[in-house]
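1. using only what follows, build the 3D model:
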Amino acid sequence: MDWHLLGLSFVTVFLSELGDKSQLAAIALGGSSKSLRAVFLGTAAALLLASFLGVVLGEGVAQLLPMRWVKALAAIGFAVMAVRLLWSGGDADSPLALENDPE
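-> Predicted structure coming up:
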């Protein structure tokens, strides 16, 4: 077992999930439910499944493409998402547009 990689993976995912939509959903469910155990187990299982799928797909893509291409595709994907988030606020037809746009 690579303990350094395990710790790095834990810290990276933990920090990236703080304030994420999944955590906000868990907060909303936990606040409106009487069974915190069910909410915890359901959200933990969902995060485990999403992480498992990401690891399996990541390994599959890494087997097909050179690692340099995988990193480049990931960087381009994040850049496209960032640009869409930054420039979507003024476009009312955009699915990412703000609901209460003052226009």
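2. residue ranges with poor pLDDT in this structure?
-> 89-103 (pLDDT under 70).
3. again, 80 this time
-> Of all residues in the chain, those with pLDDT under 80 make up the ranges 88-103.
4. domains in it, by residue range?
-> Annotated domains of the chain cover 3-64, 66-103 [automatic domain parsing].
5. between the two ends of the longest one, how far is it?
-> When you say that, I think you mean domain 3-64. 27 Å (C-alpha to C-alpha, to the nearest Å).
6. next, count neighbours for Ala26.
-> 19 (other C-beta atoms under 10 Å). Backbone N, C-alpha and C define where each C-beta goes, glycine included.
7. where's it, which helix or strand?
-> Using DSSP states H and E, Ala26 maps to helix 21-31.
8. give me the residues contacting that helix.
-> Applying C-beta atoms under 8 Å, 6 or more residues apart in numbering, the contact partners of helix 21-31 are Glu17, Leu36, Val39, Phe40, Gly42, Thr43, Ala46, Leu47.
9. only whichever of those residues are buried, select them in ChimeraX.
-> Buried residues among the contacts of helix 21-31 (16 or more other C-beta atoms under 10 Å), as a ChimeraX selection:
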select :39,43,47
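10. farthest pair in the contacts of helix 21-31?
-> Across those, the longest distance by C-beta to C-beta is 18.3 Å; it joins Glu17 and Leu36.
11. for His40, give its distance to Ser33.
-> If you look again at residue 40, you'll see it is Phe, not His. Phe40 sits at a distance of 10 Å from Ser33 (criterion: C-beta to C-beta, to the nearest Å).
12. any idea how far Leu49 is from Ser33?
-> Taking C-beta to C-beta, one finds Leu49 at 20 Å from Ser33.
13. comparing these two, which shows the higher neighbour count?
-> Ser33 (13 against 10).
14. helix, strand, or coil at the more buried one?
-> Of the three states, Ser33 takes coil according to DSSP: H, G, I helix; E, B strand; the rest coil.
15. am I right that it is in contact with Val39?
-> Yes. Contact criterion C-beta atoms under 8 Å: Ser33 and Val39 qualify, at 5.2 Å.
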